[in-house]
Structure formats: structure tokens, C-alpha cells
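Undergrad: Sequence isn't available, so here's the structure alone:
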């Protein structure tokens, strides 16, 4: 019975409507149910090579993680950079790494090293985010906590060792997406319009291509997703595409629209950012859904932050 209760609790965590907002297949996680400080610590070190202009990150291990969540543990690290002083809340994920998965340990040892080229001037506007996660092959990875370090605090000549307590996982804003919603009650469909996506101007020189994926969830059931055409990433990327989904009685059912933007690479498709809107979630996303229901057969457009 204890095993069954644990399994049911895990399923509720993975498939609850609040979990529809975790990122990169983990979905944009609900932050309201997570305490400001979680159990466990993370050990790692940072070194900036002044001559090579390289940042060296070594993820050593973790301590004191909750035993019931420690079947498979890994750490995902991101190098984040602020866009500009004009947009202090907007960030760019410059680099992303992932450690090996360690099984059956509340104190896993990793020893993974990651190197990234980095100019000295970029240290003042960059930070490292390390997120400890529970790996699940058949479901969404569960976040156990995070650690952040601003790189402007680094000593450029010495390796700095850290043993930091895990904090509540928070999301970073990488852009905004303009979305329109229209409900068609006669045909029992909802029309999702992906109009525009704006981000910091530092992406213009990278010549990246992106595409969006739209998922609809209704009463925890995921419908068939749809994808947009690929576009060249710019400070203002125009999609102007609409997608139709069958959605009976959206005013009664618990519904959510998940919009995910991915970069296109030959070997992988890394997540750029996500936003979720529907009957549950932050009030501004609730308001958009309510306005759609009040203006039937008329599109209602709003900007939503894209998070990672």
C-alpha cells in the first residue's frame, strides 16, 4: 500500500494541471507549491581562465537530497546572460549542459566538467544556474531545487569552491510571445493564433532558426500537438499562423494551452522557452482565457512572457 500511495503521489505531481507549465519536456513547473528552500546541497566549482578566456564548471556532487526522490539524479546547468540595461529582466541561455545520471543515492557524486568560451567583459552580466533534477524515463523530470551564482563575483585567478543549499526553482524570461485565442462553439473548436515573438536584439547576429509547438490539455488529457513553420530568429519574429483544436465545453473543463519555442540544430532541438495559459495559472493568463470565453467567435490577443 505504501508503494501504491507513493506511485499515486508521483502521478499527481507529474500530471496535475499546475505541472503543465514546466519547461523542456519537464514543463513549466508550478512555483506556488514549492518552498523557498528545499532539502539538500550542491557542491561545484568555477574557474575563469584569464588567458584562455574560458569558464570551467565542475559539478562535484550533491548532499542530503530527499531519499524518496533519489532514484536517478542529474544536474542541468545553464550559462545565462542579461540582455541589456534597457531590458534587465530579459536573459539569454548562452550554454546548457547536463551531468551523468546517478542512481539510488541521496548524495550522488558526479565529477562532470564543462567548458565554455567567455569574454572577461561578459562576466559582469552573466550567471550560472544549476538545477538538481530527478530523472524519469517515462514521465517528466522533477526539479528538486536550484543554485545560482553571479559570475561577477568570481576571482579570475583562482578556482572557487561552492557548497550551496538548494533554493526554490524559478524561471527566467527570454522573450514575449503574442498569442490570440478564439472559441468557435458551433464547431466545438478553439483557434490558437501564434502571431509574433520578440526577444533581445543580441540574437540577431546568431542567425538561428526557431519553430513553435502548440499543445492543448483538457482535463489532463493531451490532444494532438501542432507545429509552426520554422523562422529565422530576430528581435521581432513574425509567425502569423493559426491552429485549430477540438475543444468541447472549455468553460467547464480544465483546459490549458502550452506554447513551446525550440531552436533548430542538426543534432538536437533545444528548448528556447515556454508559456502556458488557460483556466489555471497566473491571473493574467486566466484573464486571457476568460476574455476569449466572453467574446465568442472573436480573436483576443495578448502578450505572454516566454520562460525557461
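TA: That came through, no problem. As the structure is a prediction and not an experimental result, all values here were calculated from the model.
Undergrad: Could you tell me the end-to-end distance of stretch 110-129?
TA: Start-to-end span of stretch 110-129 (C-alpha to C-alpha, to the nearest Å) is 17 Å.
Undergrad: Which positions within that stretch qualify as buried?
TA: 110, 112, 114, 116, 118, 122-123, 125-129 (16 or more other C-beta atoms under 10 Å). In this view, the C-beta of every residue, glycine as well, is placed from N, C-alpha and C.
Undergrad: before we move on, what about stretch 58-69?
TA: Those would be 58-63, 65, 69, for stretch 58-69 by 16+ other C-beta under 10 Å.
Undergrad: Strands - which of these land there?
TA: 58-63 (DSSP state E).
Undergrad: For the residues you listed, give me TSV that also has distance to residue 151 and pLDDT.
TA: Shown next, in TSV, are these (distance: C-beta to C-beta, whole Å; pLDDT from 0 to 100):
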residue	distance to residue 151	pLDDT
58	15	97
59	16	98
60	18	97
61	22	96
62	22	95
63	24	93
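Undergrad: and these as a markdown table, adding distance to residue 187?
TA: Listed next are these as a markdown table, based on distance: C-beta to C-beta, whole Å:
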| residue | distance to residue 187 |
| --- | --- |
| 58 | 56 |
| 59 | 51 |
| 60 | 57 |
| 61 | 55 |
| 62 | 51 |
| 63 | 56 |
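Undergrad: Which single one of the residues you listed is nearest to residue 256?
TA: Nearest to residue 256 out of those is residue 62 (C-beta to C-beta; 32.0 Å).
Undergrad: Kindly list the single helix or strand of this protein that scores lowest on mean pLDDT.
TA: The weakest-scoring helix or strand in the chain, judged by mean pLDDT, DSSP states H and E, is helix 2-15 (a mean of 51).
Undergrad: Hmm, residue 246 is touching residue 188, no?
TA: Yes - with contact defined as C-beta atoms under 8 Å, residue 246 counts as touching residue 188 (6.2 Å).
Undergrad: contacting residues for residue 147?
TA: Residues near residue 147 by C-beta atoms under 8 Å, 6 or more residues apart in numbering: 42, 44, 129-130, 162, 164-167.
Undergrad: pretty sure it belongs to a strand, no?
TA: Yes - the assignment for residue 147 by DSSP: H, G, I helix; E, B strand; the rest coil puts it in a strand.
Undergrad: And the pLDDT at it?
TA: On pLDDT, residue 147 comes in at 97.
Undergrad: can you check the one 3 residues further on too?
TA: What the model reports for residue 150 is a pLDDT of 94.
Undergrad: Report the beta-bridge partners for it.
TA: residue 127 (DSSP bridges).
Undergrad: And for residue 275?
TA: residue 259.
Undergrad: Next one: it from residue 257, what distance?
TA: Using C-beta to C-beta, to the nearest Å, residue 275 is found at 9 Å from residue 257.
Undergrad: residues shared between the contacts of the two?
TA: residue 179.
Undergrad: Give the residue spans of the stretch 201-308 of the chain that score low on pLDDT.
TA: 201-206, 251-252, 280-285 (pLDDT under 70).
Undergrad: one step back: the least confident helix or strand of the chain: what's the following helix or strand?
TA: The first helix or strand that comes after helix 2-15 along the chain, using DSSP states H and E, is strand 37-49.
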